[in-house]
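1. give me a 3D structure for the following:
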Amino acid sequence: KTALEKFNLDEFQASSEFEGLISSIESKKLRNDGLSEKLSSNGTLPHVVFLDNPEAGNAQLTGGKGSSLYHLSQVSGISVSPGFAVSTEAYKRFVEFNNITPLIVQLDGLSKKWVELERKRKEEPQERLEYQDAAVKLSLEGDIQNLIYAIREKFISGKIPDDIREEITVAYNELGKKAG
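-> Residues are numbered from 1 along each chain as shown. Here you go, the predicted model:
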């Protein structure tokens, strides 16, 4: 049998250990967990957090995946490979450093307009939807698609700030040493 076949999800879900894990994850995701107390000496949050560090369990710091991996690593019988999460602070810095925020704000505004037109279309019979509204919606869809491509390109071509790049490199090298 494969490892997946050996793992009986129904049994695991029924266990109190699983219920405790879910409860723990939900309560920690809802709390701030004192992020302001975790500021580094230069007044910023860390850019890299190893998954064996309890701080990795804070979704506000490491995002949902990082937090979930930390919490899974705390469950007896579940093996999580060593690793680290690049923090939400690093993500925010990357977005600001590469001037992506204005595009995201613009996309948010256009998306809200599109949702409003879509709501209007669903509330009114199709034949009553004004031609002008349909044209505006079509134009918005094109603008939204163009912004999505522009944001994607900014992420692909973006430069990671030097201090963050250095922290990631150090963490990667440290991870390699731990792995042997």
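
2. contacts, neighbours, all on C-alpha from now
-> Noted.

3. what average pLDDT does stretch 163-180 get?
-> Rounded to a whole number, the mean pLDDT of stretch 163-180 is 90.

4. biggest helix in the chain by residues?
-> The longest helix of the chain (DSSP state H) is helix 131-157.

5. what ranges does this structure have for its strands?
-> 48-50, 84-86 (DSSP state E).

6. dump those strands to a markdown table, plus mean neighbour count, mean pLDDT and distance to Ile144.
-> Output for the strands of the chain, formatted as a markdown table (neighbours: other C-alpha atoms under 10 Å; pLDDT from 0 to 100; distance: least, C-alpha to C-alpha, whole Å):
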| stretch | mean neighbour count | mean pLDDT | distance to Ile144 |
| --- | --- | --- | --- |
| strand 48-50 | 21 | 94 | 33 |
| strand 84-86 | 21 | 95 | 28 |
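
7. tell me the centre residue of this protein?
-> Taking C-alpha atoms, centre = their mean as the criterion, Gly63 is the residue nearest the geometric centre of the chain, at 4.9 Å.

8. show me the contacts for it.
-> Gly63 makes contact with 87-88, according to C-alpha atoms under 8 Å, 6 or more residues apart in numbering.
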